[in-house]
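Give me a model of this one.
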Amino acid sequence: MLRLGGDLATIGKGKVPHALLRGKTICREQEAEAQNFENTHADTAICANCAKLVRHRTWTEEEIPAEAGETPAAETPTEDAGKAEEPTPEGDGKAEETPADKPDALTEVGAILDRMEDDATYDPANMEEDGKRVEALLLELPNGKRTANRMRLREARDAIVERVKAAAEATAAEAKALAVLETTDYHAVPGAEELAEEGAAKVAAIRDAIGSAAEAANEAAHVQLHARRRFRNKDGLPDIDGKSQAWRDWSNDMNVKADIAVTADLPEDEKKRRTLIQGSVRAQMSQVRVDYVRALDHSPEEAALFLKAANPVKVKKGEKVSDAVFRHFGIAPRSIAEKKRDDRAAKAITTGTAQAREVVGQAAKAAKDKKKPVEFKAASVMQMALDAFEKLPMEAVEAADPVGRKHIHADAKKMVALLEKIIKATEDKA
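Alright, predicted model coming up:
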């Protein structure tokens, strides 16, 4: 039995004291600070591995730990030294080896429990496996050692379960705090009432034909988008598609303030006028909203409103934030005005290229005319080629999308190739 007192310390939340040597445990050489065990019961055992090493190690005078009791500073050879220990017959007074003489099991139990009691580093996923291992090792220990360690295992398990529960509750609380439910009362949203007043003033300018109606409609659309951005839909996302109750109430109140609300008691011509005014703002909103979503690719702070909500927009691998937002809300990535411009460009391109091909055909016929001089035919072909390209709607080409430009480029290459053949044929006949 090793005496308590002197340089002893427990590791982590472990209760078994370890003997120290130069500030480290003898069994595992872990750094530890000596603790006071003077009031502990004198028969309390220290770590079994420490005890074994203390008994069997050869110590110098300076190294002898205070806990070693009667352990000699150095083993003194005796006349029986070197002799093999002979087995003793049953009943000769010597005790059989018992589980208590197996310090490895007790040490492993202590090490596992030390880990389980470490709140900062222990992974709760290992609790079941480690618990089963400790239970198996306890069967190798005497009853006197099992009870205390079994109690320690139970307490460690309970503490881990509580930590996991607390972590889950904290995560749920964080998610609840992050989640912003659909906005139902726009009056509770800071700045929303002021935006309604501002929006009404912009729409009133359209109603009273003050300045440019298109410009006023565009400004009104910007104000409306700012309001939508402040409201939240059922997923906690900015209500850019205007589906929340707050937006419907806000929009209705703004129309009332601007005196453009459509009511049943109005004459039909007034209903149509007010409907047209509202429609002009909606048409501008289409472009304003598309521009806003595209700008998310260059504004991480604004994009965070969509990516860190309670039910965030999911961005696929390689996908831009704007494309993900367009897809999530079902918003067309091109505005109404852009679609109309594309349609006009496509129509103009089709008509222009058809006319250009027709002129090239005329040039081909001129090149084959045997009655005309070669010089005249060559000059005629070149002039017709220039006329063909002049007929291309360049404004439409510049406004076209990448796909449209690709088709135009292909058509132009075909015309150039055809003209080159005509010119070569003319030169060959010269």
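
Do you have the strands of the stretch 1-150 of the chain handy? List them.
8-9, 18-21, 24-25 (DSSP state E, counting those that start in this stretch).

Minimum distance to residue 113: which of the ones you listed has it?
Each of the strands of the stretch 1-150 of the chain was scored for nearness to residue 113 using Cβ to Cβ, and the closest is strand 18-21 (13.5 Å). C-beta here means a position set from N, CA and C on the backbone, and glycine is covered the same way.

Out of the strands of the stretch 1-150 of the chain, flag the one nearest residue 323.
strand 24-25 (59.6 Å).

Can you tell me what sits against the closest one?
9, 11, 18, 19, 30, 31, 32, 47, 50 (Cβ atoms under 8 Å, 6 or more residues apart in numbering).

If you average the pLDDT over that strand, what comes out?
Across strand 24-25, the average pLDDT comes to 77.

With stretch 215-225 instead?
Stretch 215-225 comes out at a mean pLDDT of 94.

For PyMOL, what selects the buried ones among the contacts of strand 24-25?
Restricted to buried positions by 16 or more other Cβ atoms under 10 Å, the PyMOL selection for those reads:
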select buried, resi 9+11+18+19+32+47+50
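
Make CSV out of the contacts of strand 24-25 and add pLDDT and distance to residue 234.
Conversion of those to CSV gives the following (pLDDT from 0 to 100; distance: Cβ to Cβ, whole Å):
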residue, pLDDT, distance to residue 234
9, 72, 58
11, 74, 53
18, 76, 59
19, 75, 64
30, 75, 55
31, 75, 56
32, 72, 56
47, 78, 60
50, 75, 63
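
any idea which of the contacts of strand 24-25 is closest to residue 247?
In terms of Cβ to Cβ, no member of these lies closer to residue 247 than residue 11, at 61.4 Å.

Not counting sequence-adjacent ones, nearest residue to the closest one?
Excluding the flanking residues, the one nearest residue 11 by Cβ to Cβ, 6 or more residues apart in numbering is residue 114, at 5.4 Å.

what about that neighbour, neighbour count?
Neighbourhood size, residue 114 [other Cβ atoms under 10 Å]: 21.

In this structure it contacts residue 18, no?
No - applying Cβ atoms under 8 Å as the test, residue 114 and residue 18 come out as separate, 10.4 Å apart.

So for those two, which residues contact both of them?
Counting by Cβ under 8 Å, 6+ apart, the common neighbours of residue 114 and residue 18 are residue 11.

Next one: residue 9 from residue 24, what distance?
10 Å (Cβ to Cβ, to the nearest Å).

Which parts of the stretch 101-250 of the chain are helices?
103-116, 127-138, 143-178, 192-207, 213-230, 245-257 (DSSP state H, counting those that start in this stretch).

how far off helix 143-178 does the shortest one point, in degrees?
This points to helix 127-138. Helix 127-138 runs at 170 degrees relative to helix 143-178, counting by axes from the mean of the first three to the mean of the last three Cα atoms, to 10 degrees.

ok, now the last one?
For helix 245-257 and helix 143-178, the angle between their directions (the same axes, to 10 degrees) works out to 20 degrees.

One more: the first one?
In this structure, helix 103-116 runs at an angle of 20 degrees to helix 143-178, with the same axes, to 10 degrees as the basis.

which outside residues touch helix 103-116?
11-14, 16, 27-28, 47-49, 51-52, 99, 121-122, 127, 130-131, 133-134, 137-138, 140-141, 145, 149, 152-153, 156-157, 160.

residue contacts, the closest residue in space to residue 245 that isn't next to it in sequence?
Spatial nearest neighbour of residue 245, excluding adjacent residues (Cβ to Cβ, 6+ apart): residue 184 at 4.9 Å. Residue 184 sits next to 244, 245, 246 when contact means Cβ under 8 Å, 6+ apart.

Out of these, which end up buried?
Neighbour counting over the contacts of residue 184 (16+ other Cβ under 10 Å) leaves 244, 246 as the buried ones.

quick check, nearest of the contacts of residue 184 to residue 194?
Checking the contacts of residue 184 one by one against residue 194 (Cβ to Cβ), the nearest turns out to be residue 246, at 14.8 Å.

how far away is that closest one from residue 221?
To residue 221, residue 246 is 18 Å away according to Cβ to Cβ.
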